[in-house]
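>>> 3D, please:
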Amino acid sequence: MKPSKRPSKDEFLLKERNKIESEVFDKQTLTILAKIIKKGIIKTVDFPISTGKEANVFRATNQEGKFIAVKVYKMETAPFFRKEEYLEGDPRFKKIKGSDKEVVLAFARKEFKNLQICERAGVHTPKPLYLEKHVLLMSFLGEEGLPYQTLNVLNILTEQDAESILEDVRKMYHAGLVHADLSEYNILRGVVPYLIDLGQGVILSHPRAEEFLARDLRNILRYFEKRGIKREFEEVLKWVKS
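Residues are numbered from 1 along each chain as shown. All right, here's what the predicted structure looks like:
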């Protein structure tokens with residue numbers, strides 16, 4: 001299978017400009033974005049980088065003209081009540097009662113904290129910059145204003161990519177964190193692969209942390225094998241924990 005052709009910058013911007021017209025911010029989100037702009041953290045919100053059932057990610061620009069990623073968790077339609085398993089057992093979120101709103105806000109805080117752990121451990125992830133309720137600001141991952149694409153879109157993987165991904169899984173584990181949703185859909189391919197979408201990540205004291213680690217490794221090793229890179233699950237699991 002040939003890799004997808006990367007769109008030109010003009011083609012991408014035109015497509016995303018049209019897309020943003022269909023993106024509607026609720027009043028609460030607009031108020032939060034206005035507050036962030038007033039603080040001088042960002043200057044403009046440009047266009048959506050990705051859209052999903054749980055959150056949308058936008059490219060923004062700061063006062064110096066540098067790009068920032070803004071992740072907006074959806075408050076009104078997010079199906080997070082099905083994902084309380086990722087909060088239960090995490091001592092950081094003992095007081096969450098379980099309403100959709102509280103769980104969404106908890107996931108935003110959780111991703112911010114998990115990104116902080118990754119940054120300290122030297123894992124290739126977006127850098128956490130600022131959090132205001134369900135709006136998370138992170139470093140922008142891309143080139144010339146265009147975001148990096150995920151592995152499942154590009155269908156490109158080298159031995160060096162595979163080693164980098166596994167090394168990051170190992171660094172996370174030794175920092176006390178498991179991604180818990182790792183696959184080719186949550187890895188951006190740039191200068192190096194970047195792990196994204198850390199909202200479901202759990203610390204090692206979580207009762208299902210080891211189960212989630214095994215699932216992450218099976219998912220990513222299955223993708224590696226499709227790209228012609230074979231790794232033995234038991235050997236990789238032992239190495240990650242060593």
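>>> Any idea which residue is closest to the centre of this structure?
For the chain, the residue lying nearest the average C-alpha position, counting by Cα atoms, centre = their mean, turns out to be Asp197 (2.1 Å).
>>> wait, is that residue part of a helix?
No. Per DSSP: H, G, I helix; E, B strand; the rest coil, Asp197 lies outside any helix segment and is coil.
>>> Which residue comes closest to it once chain neighbours are left out?
Closest residue in space to Asp197, ignoring its immediate chain neighbours: Asn186 at 4.5 Å, by Cβ to Cβ, 6 or more residues apart in numbering. All C-beta spots, glycine's among them, are computed from the backbone N, C-alpha and C.
>>> need the contact list for the one you found.
In this structure, Asn186 makes contact with Thr150, His179, Leu195, Ile196, Asp197, judged by Cβ atoms under 8 Å, 6 or more residues apart in numbering.
>>> will you turn these into a markdown table that also has pLDDT and distance to Leu204?
What follows is the contacts of Asn186, written out as a markdown table (pLDDT from 0 to 100; distance: Cβ to Cβ, whole Å):
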| residue | pLDDT | distance to Leu204 |
| --- | --- | --- |
| Thr150 | 96 | 27 |
| His179 | 98 | 12 |
| Leu195 | 98 | 17 |
| Ile196 | 97 | 21 |
| Asp197 | 95 | 19 |
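>>> Which two of those have the greatest separation?
Across the contacts of Asn186, the longest distance by Cβ to Cβ is 14.4 Å; it joins Thr150 and His179.
>>> CSV for the contacts of Asn186, including distance to His124?
Compiled in CSV, the contacts of Asn186 are given as follows (distance: Cβ to Cβ, whole Å):
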residue, distance to His124
Thr150, 14
His179, 12
Leu195, 6
Ile196, 10
Asp197, 14
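>>> about what we covered before: who are the contact partners of the residue nearest to the centre of the chain?
So, once contact is read as Cβ under 8 Å, 6+ apart, Asp197 ends up touching Glu111, Asp181, Asn186.
>>> now the residues you listed in JSON lines, with distance to Phe67?
Formatted as JSON lines, the contacts of Asp197 follow (distance: Cβ to Cβ, whole Å):
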{"residue": "Glu111", "distance to Phe67": "19"}
{"residue": "Asp181", "distance to Phe67": "25"}
{"residue": "Asn186", "distance to Phe67": "20"}
